[in-house]
Structures are given as structure tokens and as C-alpha cells.
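1. Here you go, sequence then predicted model.
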Amino acid sequence: MKAADVRAMSADQLNDELAKLKKEQFNLRFQKATGQLEKSSRILEVRRDIARVKTIARQKAAEAKA
């Protein structure tokens, strides 16, 4: 997911995307624990996407206050 794509989202869309990513992260961790994970690099991608969404959501909130 590109930062430009995330910046184009509204606050509600960011919250929905964050929830979706956290659910995916949980599922990936569960697959890893049970030995069913095929693409381990996806865990890192999801972690970074979560951080990206949180960062941009925080920036948008700060801009709305200012």
C-alpha cells in the first residue's frame, strides 16, 4: 500500500482499513503459530501498512485541530 493511496482516504476509511489490517495481522500470526504460513514476508508488510495508516491518521487529526 502506497502512502499516497492512504492519504487519499477519509478518516472513516482509514479506521476501516486499520481494522482490516489488524485482523489480517492476527490471522497471519495464527497461521505462523500453527505452521500454515506460506509467505512470512507478508507479516512485515502488514506491520508497516498498519504503521503507515496510523501515522497518516494522526497527521490528518492534527491538521483538523490546527
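-> Great, that's in hand.

2. contacts and neighbour counts: CA atoms only from here.
-> OK.

3. Can you pull up the most central residue in the chain?
-> When the chain is reduced to its mean C-alpha position, the nearest residue by Cα atoms, centre = their mean turns out to be I50, at 2.6 Å.

4. so that residue sits right up against A19, yeah?
-> No: between I50 and A19 no contact is recorded; they are 9.1 Å apart, counting by Cα atoms under 8 Å.

5. overlap in contacts of those two?
-> Contact criterion Cα atoms under 8 Å, 6 or more residues apart in numbering; no residue bridges I50 and A19 by contacting each.

6. quick one on the thing from earlier: contacting residues for the residue nearest to the centre of the chain?
-> In this structure, I50 makes contact with L18, L21, K22, judged by Cα under 8 Å, 6+ apart.

7. isn't the first one right next to R52, touching?
-> No: look at L18 against R52 with Cα under 8 Å: they stay out of range, at 9.6 Å.

8. Just put the contacts of I50 in a markdown table and tack on secondary structure.
-> Written out in a markdown table, the entries for the contacts of I50 read as follows (DSSP: H, G, I helix; E, B strand; the rest coil):
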| residue | secondary structure |
| --- | --- |
| L18 | helix |
| L21 | helix |
| K22 | helix |
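
9. Quick check: of the residues you listed, which lies closest to A61?
-> A61 has its nearest neighbour among those in L18, at 15.1 Å by Cα to Cα.

10. count of neighbours near the closest one?
-> Look at L18: counted by other Cα atoms under 10 Å, it has 19 neighbours.

11. tell me the contacts of it?
-> Neighbouring residues of L18 by Cα under 8 Å, 6+ apart: I50, V53, K54.

12. 7 Å instead, please
-> The neighbours of L18, taking Cα atoms under 7 Å, 6 or more residues apart in numbering as the test, are I50, V53.

13. Quick check: the gap between it and D49.
-> 9 Å (Cα to Cα, to the nearest Å).

14. Equivalent analysis for L37, please.
-> The span separating L37 from D49 equals 19 Å under the rule Cα to Cα.

15. Between those two, tell me which one has more neighbours.
-> When L37 and D49 are compared for neighbours, D49 comes out ahead with 20 against 16, by other Cα under 10 Å.
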